[in-house]
Each structure stands twice: as structure tokens, then as C-alpha cells.
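**Student:** Dropping a prediction and its sequence here:
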Amino acid sequence: MAGNPYFKSVLWLLGFGGMGYGLMLLTEPNAEKIERIKASASGSKPSADDQKKALFMKKLQEAATTSTPLYRVRPQDNKKDS
């Protein structure tokens with residue numbers, strides 16, 4: 001019976017499915033872990049990447065409200081804030 005490929009396939013399926021289910025239960029965060037993660041993330045300073053994304057979104061919002069194309073650079077926007 002161990003030579004039957006269908007039987008082996010079902011055993012492998014049950015084995016890996018059971019391991020996956022066990023890992024899912026093992027790594028599932030509980031409510032207090034989620035609250036701890038939220039509390040630690042909300043008070044932190046935004047990273048440089050987050051600041052770039054926020055600036056990009058601001059530029060997109062400004063471009064959406066005006067009729068000038070986004071790729072046209074105005075001279076006053078070309079200067080960097082020092």
C-alpha cells in the first residue's frame with residue numbers, strides 16, 4: 001500500500017497541511033500583541049522613505065487641483081529648502 005502514489009500524495013498533503021495549520025496557530029498574534037505593535041509604531045518618527053512618500057502625495061494632490069502638468073517644473077519649486 002505504501003507504493004501507491006495516490007496514498008502517498010494524500011499523506012504528504014495531510015502532513016504539509018497539518019504543519020501549515022500548526023504554524024498558523026503558533027504565529028497568530030493575540031490582541032495584546034497587536035496593541036503593543038500599534039503603540040510602538042504610532043509614536044515613532046517617520047522614516048526618510050515615509051517623508052518622501054508624503055511629499056510625493058502632496059505634490060500629486062497639488063497637481064490634481066491645478067491644470068498644469070506634473071512634469072512641468074516651475075522655477076520656485078525647483079529650489080530645495082535649506
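**Tutor:** Now that the structure is in, tell me what you want to look at. Residues are numbered from 1 along each chain as shown.

**Student:** In the strand or helix carrying K38, which residues are buried?
**Tutor:** With secondary structure defined by DSSP states H and E, K38 is part of helix 31-42. Residues of helix 31-42 include none that count as buried (16 or more other C-beta atoms under 10 Å). In this view, the C-beta of every residue, glycine as well, is placed from N, C-alpha and C.

**Student:** what's that helix packed up against?
**Tutor:** Counting contacts by 3 or more C-beta pairs under 8 Å, 6 or more residues apart in numbering; DSSP states H and E, helix 31-42 is packed against no other helix or strand.

**Student:** Could you point out the helix or strand that follows that helix?
**Tutor:** helix 48-65.

**Student:** Now stretch 37-56 - C-alpha only, CSV.
**Tutor:** This file holds the C-alpha atoms of stretch 37-56, laid out as CSV (Å, rounded to 0.1, in the frame of the first residue of the first chain):
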residue,chain,number,x,y,z
ILE,A,37,2.7,46.8,18.0
LYS,A,38,0.3,49.7,17.3
ALA,A,39,1.5,51.6,20.3
SER,A,40,5.2,51.3,19.3
ALA,A,41,4.6,52.2,15.7
SER,A,42,2.4,55.3,16.3
GLY,A,43,4.9,57.2,18.4
SER,A,44,7.9,56.8,16.2
LYS,A,45,9.3,59.5,13.9
PRO,A,46,8.5,58.9,10.2
SER,A,47,11.5,57.5,8.3
ALA,A,48,13.1,59.2,5.3
ASP,A,49,11.2,56.9,3.0
ASP,A,50,7.8,57.8,4.6
GLN,A,51,8.7,61.5,4.3
LYS,A,52,9.4,61.1,0.6
LYS,A,53,6.1,59.3,0.1
ALA,A,54,4.3,62.1,2.0
LEU,A,55,6.0,64.7,-0.1
PHE,A,56,5.1,62.8,-3.3
